[in-house]
Each structure stands twice: as structure tokens, then as C-alpha cells.
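Colleague: this is the structure alone, sequence omitted:
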């Protein structure tokens with residue numbers, strides 16, 4: 001087995017890797033900068049609409065995955081994928097140019113519209129970046145390629161979130177965000193022009209633009225292959241767990257661990273780096289072979305580390321929280337906090353080991369002329385599971401559950417699925 005990093009020196013992989021990293025990086029700079037700007041501009045008003053607008057922003061970004069994934073999958077199977085990527089990156093430049101106007105004029109309604117367009121662009125790019133990998137990589141490289149893409153995605157999310165916050169909070173913040181995001185879009189378009197051609201797999205395909213009927217017919221088509229469809233559900237379950245944890249980490253760091261903003265950033269970093277390490281470790285453990293034999297073990301590990309986070313922190317917060325508010329330097333002097341970081345990182349490593357082979361199995365199992373539509377179908381399921389995650393988190397918080405108790409709930413749900421994960425891995 002070759003070292004997985006050799007792919008980063010190849011023209012058939014590196015341009016795609018950089019293009020998708022810059023796209024995810026740009027998305028998260030824009031999203032976080034917009035959320036912080038809404039909070040700063042409107043958060044202090046009586047009956048502030050800020051919480052509603054922040055929730056709306058999350059919904060506007062994810063809505064296009066429901067609306068356009070079916071069309072995106074059809075396009076990716078009908079046309080040359082590298083050509084479509086270039087067109088999509090050109091559209092990103094136009095979208096960021098509109099976003100520049102929104103940031104410079106502090107026009108929040110316009111920026112919300114731009115966020116919807118960014119979600120649309122991501123919905124069209126998603127099937128391409130995964131469906132093109134088997135076109136350019138050999139079977140024994142597919143696991144490594146997915147590991148690198150997954151690692152880059154989470155690192156881009158982290159870096160984009162931090163960068164967006166730093167820029168928007170600084171002097172001339174909106175202008176800096178506007179210029180930087182437009183520059184990244186241009187750079188991404190230039191790099192995408194070097195992605196090798198990936199010819200159409202079904203050029204005779206007639207596009208069905210009836211969004212909901214096509215989405216439903218795709219679901220039915222892939223559900224006939226029960227193993228493939230269950231693999232998709234397993235991927236979506238990862239995004240359910242991941243979205244649930246990430247949505248609670250800031251509050252967990254502030255209210256349970258009593259940490260400052262730097263502590264919260266460090267927790268997010270530990271989780272993102274852990275996913276990346278687990279993704280890369282997966283290829284080493286499986287020696288490049290596409291297999292789900294580690295699936296139930298990784299799922300068990302996720303459950304155990306969630307349980308430990310519950311056991312460690314299931315105590316009431318002190319009444320006078322300000323008296324023991326931890327800065328980053330004092331945070332790491334506590335053994336319990338080091339254990340939290342270990343649990344969180346190990347949980348994420350297990351998540352990386354869990355998710356990468358599942359993507360590779362879908363790419364391998366789906367018919368070549370339906371591969372992009374399989375990924376598009378998966379993206380719809382992922383979006384659905386993340387919406388369910390958000391609704392569940394709101395429900396559990398309304399029931400006055402603490403965040404450690406939410407971690408316990410997630411652990412129990414994951415443990416209940418262990419027999420199903422084991423069966424899925426055995427049927428591979």
C-alpha cells in the first residue's frame with residue numbers, strides 16, 4: 001500500500017483537493033462572519049430578531065440541499081464533472097461579488113440571500129467532489145482519497161469559522177471579509193481549471209427538473225439495493241451525531257466547563273483535528289482496502305467517549321460562575337479538563353474511522369452511471385438528519401436536559417444501533 005499522501009503530489013487529485021478545501025473554507029468564513037455581524041448589530045436591541053435570523057441563516061444554507069440535490073446529481077452523471085466544477089466555481093465568484101456589496105453596505109437581507117445562493121452552489125458541488133474520485137483514483141487509492149477529502153473538509157470548517165470571526169471583529173471587518181471571500185473564490189476557480197477531465201457517464205440522460213418527484217424516485221431507486229441504502233443511512237447517522245455535538249460544544253465549553261472564547265475554540269479544534277486524524281488513520285488500519293470491518297468498533301468507541309463526557313461533567317455548575325471562569329492557560333491545569341479534551345478528540349477519531357469507509361463503499365457499490373445521483377441522494381438524507389438533529393436538540397433543551405445529559409442520550413441512541421452496525425459490517 002502506498003502512503004496516502006502521495007496523492008497530494010498528483011495532478012489527478014491535488015487540484016480537486018484544493019478546490020474543495022477553498023470552497024468549504026470560504027463557506028464557513030462567510031457564514032460565521034454573517035452570524036457574528038447579526039449578533040453584534042441586532043443582539044442588543046429590545047425584542048432582538050438576532051436569534052431568529054441566526055436560525056434562519058442555518059436554514060437558508062441547508063434548504064438548497066433539499067431543493068437542488070436531485071438536479072445536481074443528474075447533471076453530474078450527464079456532463080463532464082470537471083467542466084461542471086469550473087462552472088460552479090465561476091458562479092461562486094459572482095455570488096461572492098454580490099456578497100461583497102452586502103458586507104460593504106451592511107445589508108443583512110441581501111447577505112441572507114447570498115447565503116442561500118452559497119448553499120445552492122454547495123448542493124451542486126457536493127455530488128461532483130465525491131463522484132469524481134473513482135474517475136481519477138484506482139480502487140486501492142479510493143479510501144485514501146476520501147480520507148484526505150474528509151480531513152480537509154473539517155479543517156476547512158474550523159479554519160473558516162475562526163477566520164470569519166477574527167475578520168468581522170477587527171477594524172473594517174465587513175470590507176475585509178468581502179475582499180477575502182471574493183479572493184478565495186477567484187483562487188478556487190483558477191485551481192479548478194487544472195482538474196483533469198471526467199467524461200460524462202450517461203450523456204443521453206434526460207434531466208427531470210421536477211425536484212420533489214425526482215428526489216423521491218431516486219430514493220426508491222437506491223432503496224432497491226438495501227445494502228447501499230443502509231450504508232447511506234449510516235453516513236447520515238454520522239452527520240446527525242456530529243451536528244448534535246458541534247451545536248452543543250460552545251455552550252458546553254462556556255456553561256459546563258466555564259471556559260472563555262479561546263477554550264471553546266480549542267474544543268472545536270480538538271474535535272475537527274480528531275476527525276481528520278481518524279480519517280487518515282482509517283486508511284492505515286485498513287491498508288487501503290475498502291471494508292466496513294471497523295464500523296461497529298468505531299461506533300462503540302464514539303458511544304464510550306460520549307458516556308465518559310457524561311460521567312465526567314454531570315454535576316451542577318457552581319452558582320458563582322464568574323469566580324472560577326477559566327482562561328485557556330488555567331483550563332489546561334485541571335486534570336478533568338485534560339480528560340475532556342482526550343474524550344472529545346478520541347470521540348472524533350472514532351468518527352473519522354467510522355465515516356471514511358462508508359463513503360468509499362457508496363462510491364464502489366453505486367452503478368457508475370448513477371454514482372453522482374447516489375451522492376446527491378445521500379446529501380438529501382444528510383440534510384434531513386441534520387434538521388432532525390437540530391429539532392431534537394431544541395426538544396431536549398426545552399425539557400431542561402443538561403448538555404452532559406444530551407451526550408448521554410446520544411450515547412444510548414448510538415449503543416442501541418450497535419447490532420445494526422455490526423450486521424452492516426458483516427454483510428459488506
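Modeller: Cool, got the structure. Note that this is a predicted model, so its numbers are computed, not measured. Numbering: from 1, shown residues only.
Colleague: which strands or helices does whatever helix or strand residue 155 lives in pack on?
Modeller: Assigned by DSSP states H and E, residue 155 falls within helix 139-169. Applying 3 or more C-beta pairs under 8 Å, 6 or more residues apart in numbering; DSSP states H and E, one finds that helix 139-169 makes contact with helix 14-42, helix 108-131, helix 133-136, helix 173-192, helix 261-286, helix 335-365. No exception for glycine: its C-beta is placed from N, CA and C like everyone else's.
Colleague: quick one: name whatever helix or strand follows the longest one.
Modeller: If I follow you right, that is helix 335-365. Under the assignment DSSP H and E, the closest C-terminal helix or strand after helix 335-365 is helix 371-398.
Colleague: and if you look at the fifth one?
Modeller: Using DSSP H and E, the helix or strand that directly follows helix 261-286 along the chain is helix 295-313.
Colleague: list the buried residues for that following helix?
Modeller: By neighbour count on 16 or more other C-beta atoms under 10 Å, the buried set for helix 295-313 is 295-310, 312-313.
Colleague: quick revisit: make TSV out of the helices and strands packed on helix 139-169 and add mean pLDDT.
Modeller: Formatted as TSV, the helices and strands packed on helix 139-169 follow (pLDDT from 0 to 100):
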stretch	mean pLDDT
helix 14-42	90
helix 108-131	94
helix 133-136	93
helix 173-192	95
helix 261-286	89
helix 335-365	94
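Colleague: could I get those helices as JSON lines with mean neighbour count?
Modeller: Listed next are these as JSON lines, based on neighbours: other C-beta atoms under 10 Å:
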{"stretch": "helix 14-42", "mean neighbour count": "22"}
{"stretch": "helix 108-131", "mean neighbour count": "22"}
{"stretch": "helix 133-136", "mean neighbour count": "20"}
{"stretch": "helix 173-192", "mean neighbour count": "20"}
{"stretch": "helix 261-286", "mean neighbour count": "21"}
{"stretch": "helix 335-365", "mean neighbour count": "22"}
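Colleague: angle of the helix holding residue 155 against helix 335-365?
Modeller: Helix 139-169 and helix 335-365 are oriented at 130 degrees to each other (axes from the mean of the first three to the mean of the last three C-alpha atoms, to 10 degrees).
Colleague: OK, contacts around the residue nearest to residue 253 when sequence neighbours are not counted?
Modeller: The shortest distance from residue 253 to any non-neighbouring residue, by C-beta to C-beta, 6 or more residues apart in numbering, is to residue 264 (3.9 Å). Taking C-beta atoms under 8 Å, 6 or more residues apart in numbering, we find residue 264 in contact with 249-250, 253-254.
Colleague: could I have the buried ones of these as PyMOL selection syntax?
Modeller: In PyMOL, a selection of the buried entries from those looks like this (16+ other C-beta under 10 Å):
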select buried, resi 249+253+254
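Colleague: sitting in helices, which of the contacts of residue 264 do you find?
Modeller: 249-250 (DSSP state H).
Colleague: what is the neighbour count of residue 406?
Modeller: As a burial measure, residue 406 scores 24 neighbours (other C-beta atoms under 10 Å).
Colleague: coming back round to it: of the helices and strands packed on helix 139-169, which is nearest residue 208?
Modeller: helix 108-131 (15.2 Å; C-beta to C-beta).
Colleague: what's that closest one packed up against?
Modeller: helix 14-42, helix 50-78, helix 81-104, helix 139-169, helix 335-365, helix 371-398.
Colleague: recalculate using a threshold of 6 Å.
Modeller: Packed against helix 108-131 by the contact rule (3 or more C-beta pairs under 6 Å, 6 or more residues apart in numbering; DSSP states H and E) you find helix 14-42, helix 50-78, helix 81-104, helix 371-398.
Colleague: go through those helices and pick out the most buried.
Modeller: helix 14-42 (a mean of 22; mean count of other C-beta atoms under 10 Å).
Colleague: just the angle between that helix and helix 50-78, please?
Modeller: Using the same axes, to 10 degrees: helix 14-42 against helix 50-78 is 160 degrees.
Colleague: which segments of the chain make up each domain?
Modeller: Annotated domains of the chain cover 1-195, 217-428 [automatic domain parsing].
Colleague: so which of the ones you listed gets nearest residue 211?
Modeller: Closest among these, using C-beta to C-beta: domain 1-195, at 5.7 Å.
Colleague: quick one on the thing from earlier: can you say which of the helices and strands packed on helix 108-131 is nearest to residue 202?
Modeller: helix 50-78 (4.8 Å).
Colleague: what average pLDDT does the closest one get?
Modeller: Averaging pLDDT along helix 50-78 yields 88.
Colleague: would you pull up how far it lies from the middle of the chain?
Modeller: How far helix 50-78 lies from its chain's middle: 13 Å, per C-alpha atoms, centre = their mean, to the nearest Å.
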